[in-house]
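Asker: Just need the structure, nothing else, for what follows:
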Amino acid sequence: MPIKLKIGLRHPDPVVETSSLSSVTPPDVWYQTSISEETIDSGWLSALQLEAITYAAQQHETFLPNGDRAGFLIGDGAGVGKGRTIAGIIYENYLLGRKRAVWFSVSNDLKYDAERDLRDIGAKNILVHSLNKISSKHNGSVKKGVIFATYSSLIGESQSGGKYKTRLKQLLHWCGEDFDGVIVFDECHKAKNLCPVGSSKPTKTGLAVLELQNKLPKARVVYASATGASEPRNMAYMNRLGIWGEGTPFREFSDFIQAVERRGVGAMEIVAMDMKLRGMYIARQLSFSGVTFKIDEVLLSQEYVKMYNKSVKLWVSARERFQQAADLIDAEQRMKKSMWGQFWSAHQRFFKYLCIASKVKRVVQLAREEIKNGKCVVIGLQSTGEARTLEALEEGGGELNDFVSTAKGVFQSLIEKHFPAPDRKKLFSLLGIDLTAQSNNNSPRDSPCKENKIKKRKGNDAVERAQQMKKELLDKLEKLAEDLPPNTLDELIDELGGPENVAEMTGRKGRVVSNDDGSISYESRSELDVPVEILNITEKQRFMDGDKNIAIISEAASSGISLQADRRAKNQRRRVHMTLELPWSADRAIQQFGRTHRSNQVTAPEYVFLISELAGEQRFASIVAKRLESLGALTHGDRRATETRDLSRFNFDNKVTILFLFLFLSYDLTSFSFLDVRQGLIGVGLINVEDRSGILTLDKDYNNIGKFLNRILGMEVHQQNALFQYFSDTLNAVIQNAKKNGRYDMGILDLGSGDEKVRKADVKKFLTPGYSTSGHVELYTISVERGMSWDEATKIWAEQTGPDDGFYLSLQVRLFCLLDFVQRRFWGLFLIYRPNTGKQLKLETCADLKKKYKKVTVPSEDALPHWLEQYNSSADTCTHAYWRGNCKKAGLGLVCEVGLRCRTYYVLCGSVLSVWTKVEGVLASVSGTNVKMQIVRLRTEDGQRIVGRFDHSCKLCVAPREPPVDVRPVSAAGSAAAADLAAAPPPEHHQPQQRIRGQATGVDFGV
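Answerer: Numbering: from 1, shown residues only. As a prediction, the model looks like this:
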């Protein structure tokens, strides 16, 4: 139940909030809703949905410094009930006299869901009109209600003229200049890429969404999406949140992006927490209780491996031919760049289709088993292969002999359209040149000189040779085509009983089917009594009614559609959601997974991720794992919220990996003992061979981990598996080492969850400027005890039985350590405890330890006094001063904490985003530009949880006799710095109100 709102009934299903967000308390509620008591008491809107409606309305009552009305972001996970929440916001404003609203979403089909949501909450008198059904003539006839539009219609332009050139202008005219109604950007991740990376241009959708907001400054804007933005860069269109711009620490969106991306995943988590603290953001998700996740690794048959290896050889040959033909015709650089772009794009798609094909038999087997077990199956795909099917249909004159191979179509299309072998007849035909006339009209007087004739003959020979290469490649493809797999979607439907048994929810218009007589034909998906526009909705209803127990969904049906075991549906069998093809982005993955896990369900779904034995296919799992990690950080305030459980181990896309990849490939260039792997890397263009010298060099894009994992798909099965196994094993060791050395971005770091004892020594609270309510930052002084007392040491020792366990004395200096033998995990390795620093990260072998230490026979006599001496002195004396009698840092008036058992940290909590730039500026001036601010989550001894950011260096750079840190209170105008680490008199402060709520440990928390 909500913390601050006391109305409404409990949500029908368990809803949780991540530990990071749950540690932040939202603002107080002062807004009174106008929604009827019947709607509230009947539970048509749950307490959680009313909380979002109330905070959105409350936020809409405030204005940004630039005069625009503040917006609200609903980040609730898929299935929580965003549709009803949005309907509730529209209903609330309708009751207050704002009768017009605009609702954007991704599909026209979702208009019916919008009507249902309004009807379900008692607002059936609010009509929903489709923008694409309203002509310019009838624009004025729609006086009130909701205009429902897709993002694609927003950027649509009129081809026939008319009153409005674009739908955007038509919409702006309908709203009017002083429009103060609701504009909802549902599934707002579709407006991403407004601020793209590199030289690419912003998307039209992103620009249109931004223009609409700029033209209607008084509109009440609501952003809603389970995915929000997979990268902070994709938040550019959310200018109504007031995080950047006038009156904020970030003048431009680019300044905000630089600050956040520089600090990694942890900074993205702080952004989400700060937005909730200010009352502009809410994000809950359905509990995963009862949901099962499983990765099913599919074994490859011998026939499949042979076919795959033949395909690899074909592509290696094609790469050589492309290069030779381009050199023969002396292709210019621009043409080569375009050609290779098309080549590698087709290369990736071809092997992706082969990867998917390897799993079809296993999916069919699993689906049949689950149906027998009384469950129903949902299979997720991304692509349908319709374009290639239509091409094959055209080539065959409208007839087909067999299922169309999508993989074959990709290769064939590449050769026919992009192979550098110009067809002279077509070329001259286009230019209007008559070859026969030219040859007949040549006279001795105007014939070209001998040199030109030779050049022309060489050019003709080159073109003919290139055309011959093209023909050879197409001939090789025809030989291989017999073994290539058919279109996955058509094969799946056929194997699972045909269209009569499978509900297909995709964007394609037709399909290939096998007839009773064994023949193959192409048929339209449309039915006599069902228009194509509502075909997917009809198929969905058949699945929900139990007429069909298998559903196949593509991206076209991924957003908004509900396929869960709904209490209101006839088909209440448990859903088994199989992901045959991992989506290209996490946005799509989250949308697709949320189709079967939603509110009001009888049972939670089972998720099965099918990944083949092909090592290179883990590239696709890597993309999704990385995106989900950062997606969880921004959408739910904790990157672990959607860490994809088992999929997290497939995340190979990070900075440590990129650095390692360079060293890995450089080593491989000269040192790989298996030369066929090196040859395979040459075949996929990761290693280049100089024409004359034969010297091996790395590809210019060698440090692109995505490219590396994409390309190795084009190596033979045994090559890519051996290479990938070696790569991932070595990488794991590198990452572990980076974590030990503190060079790995772990997002939020937990302190106090292990052996450390965290105590809160002091807290100071300061106001920060804000456009709605003044926020605050809190500076906690935290003491972390990491040492081990004698009583704790003897207690651990008493539990050990190994002959080598016990207390040891250093051979060089009187340093005692207790050795704990960890036999279960690390055979032959010892875990070390020291009196001043407690448990050590590094494990050591018995042989190495005995070179440096000797075992004490009577601990109470030989070990006790030395252990106590070092334990007590390490409270305030560093290792240097303890052993040498002096410390260089202490001599310079600085604090040295090397070897101290008690360390002090300064943690900044609360509305950190409002003072971000000032804190970074101060720390940079004190500690240099390479300062690293770590985002931490602390759990104190009394159970309090504190989430914020600290800097290791700040405690090392302040004179010990001066106050360690001074944060001045910030005025409402924000003129003073929020944090000032210079040694200055401390401010007068009083005991602040405690705002940290004690909670249990874990990721999911009940709301």
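Asker: Point out where the stretch 101-250 of the chain drops to low pLDDT.
Answerer: 136-140, 158-162, 190-200, 227-231 (pLDDT under 70).
Asker: can you give me the helices in it?
Answerer: Taking DSSP state H, counting those that start in this stretch, the helices of the stretch 101-250 of the chain run over residues 110-120, 151-154, 167-175, 204-215.
Asker: right, so of those helices, which gets closest to Ala226?
Answerer: helix 110-120 (13.9 Å; Cβ to Cβ). The C-beta positions use only the backbone N, C-alpha and C, and glycine is treated the same way.
Asker: Can you give me the buried ones in that closest one?
Answerer: 110-111, 113-115, 117-118 (16 or more other Cβ atoms under 10 Å).
Asker: picking up where we left off before, need the helices of the stretch 101-250 of the chain in a markdown table with distance to Ile270, can you?
Answerer: Below are the helices of the stretch 101-250 of the chain laid out as a markdown table (distance: least, Cβ to Cβ, whole Å):
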| stretch | distance to Ile270 |
| --- | --- |
| helix 110-120 | 33 |
| helix 151-154 | 30 |
| helix 167-175 | 35 |
| helix 204-215 | 25 |
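Asker: Of all these, which one comes closest to Gly8?
Answerer: The nearest among the helices of the stretch 101-250 of the chain, by Cβ to Cβ, is helix 110-120 at 15.0 Å.
Asker: shouldn't Val378 be in contact with Arg574?
Answerer: No - using Cβ atoms under 8 Å, Val378 is not in contact with Arg574; the gap is 11.0 Å.
Asker: for Glu38, what are its contacts?
Answerer: Gly122 (Cβ atoms under 8 Å, 6 or more residues apart in numbering).
Asker: out of Val378 and Arg574, which sits in the more crowded spot?
Answerer: Val378 (24 against 18; other Cβ atoms under 10 Å).
Asker: Which of the helices of the stretch 101-250 of the chain sits closest to Pro65?
Answerer: helix 204-215 (15.5 Å).
Asker: Just the buried positions in the closest one, please.
Answerer: Applying 16+ other Cβ under 10 Å to helix 204-215 flags 205-210, 212-213 as buried.
Asker: Gly510: which of those residues is nearest?
Answerer: Thr205 (28.0 Å).
Asker: what's the spacing between the closest one and Phe351?
Answerer: Distance from Thr205 to Phe351, counting by Cβ to Cβ, to the nearest Å: 30 Å.
Asker: again, but for Arg573
Answerer: Counting by Cβ to Cβ - Arg573 and Phe351 are separated by 36 Å.
Asker: swap in Met505?
Answerer: 27 Å.
Asker: Then Ala318?
Answerer: 13 Å.
Asker: Between the two, tell me which one has more neighbours.
Answerer: Legend: neighbour count by other Cβ under 10 Å for Ala318 and Phe351, higher for Phe351 (27 against 22).
Asker: From what I see, the more buried one and Met715 are in contact.
Answerer: No - using Cβ under 8 Å, Phe351 makes no contact with Met715, being 9.7 Å away.
Asker: Let me know whether Asp178 touches Lys218 as I believe.
Answerer: Yes - assessed by Cβ under 8 Å, Asp178 is found in contact with Lys218 at 6.3 Å.
Asker: And those two? Which one has more around it.
Answerer: A side-by-side neighbour count of Asp178 and Lys218, using other Cβ under 10 Å, places Lys218 first with 14 against 9.
Asker: Low-confidence stretches in the stretch 351-500 of the chain?
Answerer: 396-402, 423-460.
Asker: The stretch 551-700 of the chain now?
Answerer: 556-560, 582-592, 615-676, 690-700.
Asker: again, only this time at 50
Answerer: 625, 627-656, 668-673 (pLDDT under 50).
Asker: Tell me the spacing between Arg69 and Ser526.
Answerer: 45 Å.
Asker: quick one: which of these two has more around it?
Answerer: Arg69 (19 against 12).
Asker: Kindly state the beta-bridge partners for that one.
Answerer: Counting by DSSP bridges, Arg69 forms beta bridges with Phe63.
Asker: That one and Ile243: what is the separation?
Answerer: Arg69 is 15 Å from Ile243, by Cβ to Cβ.
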